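Undergrad: Pasting the sequence and the predicted coordinates here, then a few questions.
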Amino acid sequence: MSKKRKEPSLKNPPPKKGARKSADPNSYLSQTVSWAVSRLDRDSRWGWNGIPIDEFWNDIISKLRDFETMYWREIKCGGKSHSIFFLSWCAANPLATARATERM
């Protein structure tokens, strides 16, 4: 007579896992912008210190303040926005490229 093979059984079997839902790549569009000013380049030839103070406060800071109240969706859909790889604007100038990469 052959012995019956015992099969393991679980009192509470784990639930079957479904397919994982990936994150929405456009989820950032419903987020507001934020700034990291600790890494601003101030001292180079292209740094923030080279901007006239009235232009800095009247043009740049006021625009950044406006952006803080907006979502990325609003900024991108405003018609004047486009993606730029941040080193592409200085690729023509080796000094600018070196300065940008050293600050990464």
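TA: Arrived safely. Numbers count the residues shown, from 1 in each chain.
Undergrad: And what about Glu55, helix, strand or coil?
TA: Recorded secondary structure, Glu55: helix (DSSP: H, G, I helix; E, B strand; the rest coil).
Undergrad: any idea how far stretch 49-56 is from the chain center?
TA: Centroid displacement of stretch 49-56 relative to its chain, using CA atoms, centre = their mean, to the nearest Å, is 26 Å.
Undergrad: how far does that stretch stretch from start to finish?
TA: 9 Å (CA to CA, to the nearest Å).
Undergrad: if I look at the residue positioned nearest the centre of the chain, how far off is Asp66?
TA: Most central in the chain under CA atoms, centre = their mean is Tyr28, positioned 8.0 Å from the mean C-alpha point. Taking CB to CB, to the nearest Å as the measure, Tyr28 falls 19 Å from Asp66. C-betas here are computed from N, CA, C, even on glycine.
Undergrad: Pro8 too?
TA: 64 Å.
Undergrad: quick one: which of those two has more around it?
TA: The residue with more neighbours, out of Pro8 and Asp66, is Asp66; 10 against 4, by other CB atoms under 10 Å.
Undergrad: Can you pull the phi/psi pair for that one?
TA: phi -60, psi -40 (degrees, to the nearest 10).
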